[in-house]
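Student: When you get a sec, could you give me coordinates for this:
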Amino acid sequence: MRRFATLVMGAALLAGCAAGDPDGRDMRDGLDALRQRPSLEEVTADYDRMQQELRDRLVAELGLPQFVDKGNTGESACPDFADVPGAEKRTLATWMQEGGVPEEKWAGALRIATEVGASRGFTELHVVTDRPGDHKVELHNSYGARLQLGAAANTVLSVRTGCHLLQSAKG
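Tutor: Residues are numbered from 1 along each chain as shown. Next up, the predicted model:
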């Protein structure tokens, strides 16, 4: 019985080590897919412009106070493309406005966010919270990016890119 258990354990370990495509096809497929997307630097610049447009419109059209850059930027690896060198996701600066969006103006804020987001492909709306005085929505695009707008005591705007290659890794 002990030999059988050792044999089963050894086979399981070997099978785990052999995961993935030995000829590297999985990595090449992922690299090819990511090469079809804009570089991380390109989408970061575009999404920064999108955030600026959204902030400007919320202030101009709804009379909200100016937004303040709270930082919180960062990069991370892409779980779906873990074997592709240079594949990353990026969190852009988080922008905050003190005081939140008054309840009677939330519909306008949501309209502005969906219009601005749609201009960059953020068309998939997810309502996270929708209670009087407490709202949070996410708009997603086909690359897995997420635009988030939340309003309660304060208004928070954040964007996280989907997975993209660094320009230096595009080849």
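Student: and stretch 76-86, what's its mean pLDDT?
Tutor: In this model, stretch 76-86 has an average pLDDT of 91.
Student: so where do the strands sit in the chain?
Tutor: 68-69, 74-77, 87-91, 95-98, 124-131, 134-140, 146-151, 154-160, 164-165 (DSSP state E).
Student: among those strands, which is nearest Ser39?
Tutor: Ranking these by proximity to Ser39 (CB to CB) places strand 164-165 first, at 6.0 Å. To be clear about C-beta, it is placed using only N, CA and C from the backbone, and glycine gets the same treatment.
Student: If I look at Asn72, what pLDDT would I see?
Tutor: Asn72 is assigned a pLDDT of 85 by the prediction.
Student: Could I get the contacting residues of it?
Tutor: Contact partners of Asn72, counting by CB atoms under 8 Å, 6 or more residues apart in numbering, are Thr91, Ala93, Thr94, Ser158.
Student: which of those residues are buried?
Tutor: Listed as buried from these are Thr94, Ser158; burial here means 16 or more other CB atoms under 10 Å.
Student: Other residues contacting stretch 73-80?
Tutor: With CB under 8 Å, 6+ apart, stretch 73-80 has contacts from Gly30, Val84, Ala87, Glu88, Lys89, Arg90, Thr91, Leu92, Ala93, Cys163.
Student: Among the residues you listed, name the buried ones.
Tutor: Gly30, Val84, Ala87, Glu88, Lys89, Arg90, Leu92, Cys163.
Student: With respect to Arg146, which of the residues you listed is nearest?
Tutor: With CB to CB as the yardstick, the closest approach to Arg146 among the buried ones among the contacts of stretch 73-80 comes from Lys89, at 9.7 Å.
Student: circling back to that earlier point, which of the strands of the chain sits closest to Trp106?
Tutor: strand 134-140 (5.4 Å).
Student: From the contact counts, what lies against that closest one?
Tutor: When contacts are defined as 3 or more CB pairs under 8 Å, 6 or more residues apart in numbering; DSSP states H and E, strand 134-140 sits against helix 106-118, strand 124-131, strand 146-151.
Student: returning to that earlier point: most packed of the strands of the chain?
Tutor: Ranked by mean neighbour count, the strands of the chain are led by strand 164-165 with a mean of 27 (mean count of other CB atoms under 10 Å).
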